[in-house]
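# quick one: sequence and predicted model below, then my questions.
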Amino acid sequence: MPQRVINPRLSPDEEEALLKSLRKEREQKAKGLLQAEAQAVARKLGDVAIDKVPEEAAPLVSKDKKNFGASADSAASALIAITLNAVLLSACVAEEEGKGGKGYGKAKAKAAGGGGNKKNASAKPKIGAKVERLPPPTGEAATAAIVEHKKTLARVVAKVKDVKEGQQNLLLAFESWLCNEYNEVVLPATPQLLKTLSEEGLLDAEMLAEYWTKVLSTKDADAVELLAAKEATKEAEVELEAASEELKKAQKEEVDATQQAKWAATEVQNARTGNQPTPDEVAREKAANVADTKARAHRLQMQKNVELFHKRQVSALNANEAATKNLTDKASQARTCELMHQYGQPFFAPSSAAESKADASDKAAKADHA
């Protein structure tokens, strides 16, 4: 009777770490979904005047509990994200409009009243309509839009009971918009935009300091997790390569064993004796039967080896795919923090940024000299 296999329980520390990891992953997924949907809603409200965006977005948020959640806090966070995205989108202009320094004026007119058309400004947004996506704004245009619509941003932030939490939601929306792949060209303007948000009273110094501390700690933790994921991926790749080589070897041995078995069976047929066989014929027939039995057993063993190594190869392939996916997920999760650390450093830690730039220049000079 086969023994019952009992899966070992996780230790309290391992269980707590697993729960913490799952909780973090779930929260990041929910935040990412909220921010992505907020950006989509802001694009659909493109013809609405910025000061009316919070009122127009409120019923949309309350109806969409799947993406924005059912709690009042999540709804407030969604309104802040939608409003900030609408403000930044108001600084976007078509490429031909942006030439000659005339672009922001048209974007400004659109932000003030739906492209300067009062009728469009009061019209309800067509949520099902296809929205043309304009190129990202310049840092100067985004800065001007924030300054112009700071009262609207301050109004939606003030709707959150905890002022600090409201500012955190605003910063989270800004971080999500800035680190969106579509808006990566605006990343160099991060210090300028953060400075504007701070100087206009939308983000206070204490909250920004806490945010930067969290970025630094998260970056260190992400680096450890990424390193572990890379090592696990390398090990999985090595195991997959070894399992694949063993499977190829076993398959070749099976082919050889099958051929040997065929030859042994043929020899059995050829070695059969008739009446009154000679001693040599008897000996040959006996040897052929023994060789045939051994060849059959060897072929059977080779078949079992192929099955065993195939299972190992499939297991290694699954492990490799899981490790690769885990590495990709870790890199994706760490991307936002990495970008904010890279481009936010001149604002939060100008001395460190200057040192890093000087080190990079020295390395480049040494490389050129070499």
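Good, I have the coordinates. Numbers count the residues shown, from 1 in each chain.

# surely W212 is in contact with F348?
Yes: assessed by CB atoms under 8 Å, W212 is found in contact with F348 at 4.2 Å. Bear in mind the C-beta positions are built from the backbone N, C-alpha and C, glycine included.

# buried residues, stretch 197-211. List them.
Residues 197, 200, 202-203, 207-208, 211 are the ones in stretch 197-211 that count as buried (16 or more other CB atoms under 10 Å).

# shaky segments in the stretch 101-250 of the chain?
Low-confidence segments of the stretch 101-250 of the chain (pLDDT under 70): 101-132.

# hey, where'd the helices end up in the stretch 51-200 of the chain?
53-63, 65-68, 72-89, 95-98, 103-113, 118-122, 139-148, 150-158, 163-178, 190-199 (DSSP state H, counting those that start in this stretch).

# closest to E267 out of those helices?
Of all the helices of the stretch 51-200 of the chain, it is helix 65-68 that lies closest to E267, at 72.8 Å by CB to CB.

# I'd like to know how far the closest residue to V186 other than its chain neighbours sits from Y211.
Excluding the flanking residues, the one nearest V186 by CB to CB, 6 or more residues apart in numbering is P136, at 5.2 Å. Distance, P136 to Y211, using CB to CB, to the nearest Å: 23 Å.

# try V48
Distance, V48 to Y211, by CB to CB: 30 Å.

# do the same with R155
R155 is 22 Å from Y211, by CB to CB.

# one more: L22?
24 Å.

# check K151 too.
In terms of CB to CB, K151 sits 23 Å off from Y211.

# ok, T278 next?
98 Å.

# what of A70?
In terms of CB to CB, A70 sits 27 Å off from Y211.

# before we move on, what about A173?
13 Å.

# quick one, what contacts the nearest residue to L308 once chain neighbours are set aside?
Spatially, and ignoring its direct neighbours in sequence, L308 is nearest to A250 (7.9 Å; CB to CB, 6+ apart). The contact partners of A250, by CB atoms under 8 Å, 6 or more residues apart in numbering, come to 302, 305-306, 308-309.

# hmm, try it at 10 Å
With contacts defined as CB atoms under 10 Å, 6 or more residues apart in numbering, A250 is in contact with 302-310, 312-313.

# which helix or which strand is home to it?
helix 205-270 (DSSP states H and E).

# state the number of residues packed around T196.
20 (other CB atoms under 10 Å).

# S315 now?
For S315, using other CB under 10 Å, the count is 13.

# and it, what helix or strand is that in?
Going by DSSP H and E, S315 is in helix 279-348.

# next one: G32
Going by DSSP H and E, G32 is in helix 12-44.

# okay, the angle between that helix and helix 53-63?
Compare the direction of helix 12-44 with that of helix 53-63 by axes from the mean of the first three to the mean of the last three CA atoms, to 10 degrees and you get 130 degrees.

# who are the packing partners of helix 12-44?
If contacts are counted by 3 or more CB pairs under 10 Å, 6 or more residues apart in numbering; DSSP states H and E, helix 12-44 sits against helix 53-63, helix 65-68, helix 72-89, helix 163-178, helix 279-348.

# what's the shortest one in contact with?
If I follow you right, that is helix 65-68. Under CB under 10 Å, 6+ apart, the answer for helix 65-68 is 30, 33-38, 40-41, 57, 60-62, 71, 74-79, 81-82.

# in PyMOL, select just the buried ones from those residues.
Here is the PyMOL command that selects the buried residues among the contacts of helix 65-68 (16+ other CB under 10 Å):
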select buried, resi 34+35+37+38+41+57+60+61+74+75+76+77+78+79+81+82
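
# at the geometric centre of this structure, which residue sits there?
S332 (2.9 Å; CA atoms, centre = their mean).

# can you tell me which residues contact that residue?
Neighbours of S332 in contact, by CB under 10 Å, 6+ apart: 28, 32.

# I'd like the distance between it and K66.
The value you get for S332 to K66, if CB to CB is used, is 22 Å.

# now do D220 against C337, distance only.
Using CB to CB, D220 is found at 10 Å from C337.

# then L247?
Taken as CB to CB, the span from L247 to C337 is 41 Å.

# phi, psi for the residue of the chain positioned farthest from its centre please.
The outermost residue of the chain relative to its centre, with distances by CA atoms, centre = their mean, is Q276 at 81.5 Å. As for Q276, its main-chain torsions (degrees, to the nearest 10) stand at phi 50, psi 60.

# domains for this structure, by residue range?
For the chain, automatic domain parsing gives the domain ranges 25-203, 224-360.

# please identify the deepest-packed of these.
domain 25-203 (a mean of 18; mean count of other CB atoms under 10 Å).

# and the end-to-end length of that domain?
End-to-end distance for domain 25-203, by CA to CA, to the nearest Å: 27 Å.

# next: stretch 270-289.
The first residue of stretch 270-289 is 11 Å away from its last residue (CA to CA).

# hang on, the earlier thing: next, the angle helix 163-178 makes with the helix holding G32.
70 degrees.

# distance from helix 12-44 to the middle of the chain?
Relative to its chain's centre, helix 12-44 lies at 12 Å (CA atoms, centre = their mean, to the nearest Å).

# and that helix, average pLDDT?
For helix 12-44, mean pLDDT rounds to 81.

# can you check stretch 334-347 too?
Stretch 334-347 comes out at a mean pLDDT of 94.

# make residue 1 into 548 and carry on from there
All set: I'll call the first residue 548, so the last point we hit is now stretch 881-894.

# that stretch: how far from the chain's middle?
16 Å.

# swap in stretch 830-846?
With CA atoms, centre = their mean, you get 60 Å for stretch 830-846.

# who touches that stretch?
Stretch 830-846 is contacted from outside by 800-801, 803-820, 824-825, using CB under 10 Å, 6+ apart.
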